[in-house]
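*Asks:* how would this look folded up:
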Amino acid sequence: MNSPASSSADAMAARRRRSTTWTVVLSAVVVFLAIVVTAQLLPQRSPAAAPPAASPSSPAGQGADQGAGQGQELEFVRRDAGDPMAIGDVNAPVVLTEWLDLRCPYCAVFSRETLPALIGKYVDTGKVRIEFHDVTFFGEQSEDAAVAARAAGRQDRFVEFVTAVYAAAPDKGHADLPRATLVGLAKKAGVPDIKRFTADLDDPALRAAARASTQSAQQLGVTAVPFFVAGNTSLSGAQPAEVFQGFLDQALDQAK
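*Replies:* Coordinates of the predicted model:
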């Protein structure tokens with residue numbers, strides 16, 4: 001039979017072991033939380049931030065010479081000189097890719113409040129090309145609107161149509177975009193042949209293209225819009241203009 005002194009020593013030893021175990025567990029938790037917090041503070045990168053460089057047969061090589069830093073561009077960068085879903089010099093040092101939904105309220109905020117300044121400072125000066133990718137995250141009307149934008153694009157009015165949609169968007173919530181509204185917005189965007197535009201709204205090829213664009217975005221890991229990639233770095237949300245300027249300046253520095 002153990003003596004009282006021996007039992008007391010055993011109890012103290014057991015308490016020390018339990019204390020040591022909890023110390024190890026708590027230390028592990030602290031380390032894990034530190035890693036998570038650090039990751040949140042680092043610049044965001046898309047899940048597709050480091051695929052192999054696009055081959056000459058990929059969309060990135062169509063209709064353009066490969067300029068400075070372009071050999072390392074991601075596979076979704078198109079650089080097609082005839083692309084209606086893009087603005088800016090096809091050989092600009094940096095391509096800013098934006099994923100957007102025409103019923104997205106934050107996409108509308110970016111379009112109205114930030115994009116014009118970026119166009120003036122970066123696009124008009126030949127530094128940055130902007131390429132748009134449509135997604136349909138907010139229901140059937142989002143898909144209808146994407147089809148309408150592509151129909152406007154057939155008449156070289158894609159960007160003008162998108163701008164008109166966002167200019168008319170409500171301050172809160174998702175825009176209501178029935179067919180009649182889409183036709184009216186096409187008129188505001190200066191689409192020259194409204195009869196052709198209206199017919200193209202029923203073109204299954206345009207609807208298939210909009211669905212394929214959404215699927216491609218989801219495969220890349222784009223689950224919320226607006227979402228942007230410049231170089232190998234991503235940015236999410238309608239951030240202030242100064243954030244986008246730093247984002248693009250960094251991409252330009254890396255492209256040198």
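*Asks:* helix or strand right after whatever helix or strand residue 144 lives in?
*Replies:* Per DSSP states H and E, residue 144 falls inside helix 140-153. Under the assignment DSSP H and E, the closest C-terminal helix or strand after helix 140-153 is helix 158-167.
*Asks:* what's the angle between the following helix or strand past that following helix and helix 140-153?
*Replies:* Along the chain past helix 158-167, the next helix or strand (assigned with DSSP H and E) turns out to be helix 179-188. Orientation check (axes from the mean of the first three to the mean of the last three CA atoms, to 10 degrees): helix 179-188 against helix 140-153 gives 30 degrees.
*Asks:* helix 179-188 to helix 158-167, inter-axis angle?
*Replies:* Angular relation of helix 179-188 and helix 158-167 on a 0 to 180 degree scale: 120 degrees, by the same axes, to 10 degrees.
*Asks:* so where's the stretch 1-150 of the chain uncertain?
*Replies:* 1-71 (pLDDT under 70).
*Asks:* and with 90 instead?
*Replies:* 1-72 (pLDDT under 90).
*Asks:* mind listing the strands for it?
*Replies:* 86-87, 94-100, 128-134 (DSSP state E, counting those that start in this stretch).
*Asks:* ok, residues contacting the second one?
*Replies:* Around strand 94-100, the neighbours that count as contacts under CB atoms under 8 Å, 6 or more residues apart in numbering are 69, 73-74, 76-77, 79, 107, 118, 122, 127-135, 162, 217, 222, 225-231, 248, 251-252, 255. Every residue, glycine included, has its C-beta placed from N, CA and C.
*Asks:* give me the distance from that strand to the chain's centre.
*Replies:* 7 Å (CA atoms, centre = their mean, to the nearest Å).
*Asks:* do the same with the first one
*Replies:* Between the mean C-alpha location of strand 86-87 and the chain-wide mean there is a distance of 15 Å, by CA atoms, centre = their mean.
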